[in-house]
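Peer 1: generate coordinates for the sequence data below:
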Amino acid sequence: MTTNFDSATATLTVQPQGRFDFSAQQAFRAAYEPTLSTAKTVVVDLSSVSYLDSSALGMLLVLKSDAEGHGGTVRLTGARNGVERILEVSNFGTLFKSA
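Peer 2: This is a model prediction of the structure:
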């Protein structure tokens, strides 16, 4: 899990890698919590994710709720192949903006 916070644009980028599943829950939360109150936009870059399950979808929904509670937005970017298909089937395109 890598993160980058751009203070000039108040954008936090979180990039999970490999399997994005329940085992990534603590690392994912730890990646965004410290800067969530100052981030206007959180970008979740899924370009390095090879697998995504329902618990990851839940983590994205929790992030969205937390970010909106601080007045921010969440964008998903970089989803490919199977990950992109899971997001489509789950109708996440209507819940999240694309970056």
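
Peer 1: for the residue nearest to residue 87 when sequence neighbours are not counted, what are phi and psi?
Peer 2: The shortest distance from residue 87 to any non-neighbouring residue, by CB to CB, 6 or more residues apart in numbering, is to residue 79 (5.5 Å). No exception for glycine: its C-beta is placed from N, CA and C like everyone else's. In terms of degrees, to the nearest 10, the main-chain angles of residue 79 are phi -70, psi 140.

Peer 1: so residue 79 sits against residue 51, correct?
Peer 2: No - Residue 79 lies out of contact with residue 51 (CB atoms under 8 Å); the separation is 11.9 Å.

Peer 1: which one of these two is surrounded by more residues?
Peer 2: residue 79 (21 against 12; other CB atoms under 10 Å).

Peer 1: what comes up buried for the helix or strand containing residue 26?
Peer 2: Using DSSP states H and E, residue 26 sits within helix 25-32. Buried residues in helix 25-32, counting neighbours by 16 or more other CB atoms under 10 Å, are found at 28, 31-32.

Peer 1: which among these gets closest to residue 86?
Peer 2: Taking CB to CB as the measure, residue 86 sits nearest to residue 28 out of the buried residues of helix 25-32, at 16.3 Å.
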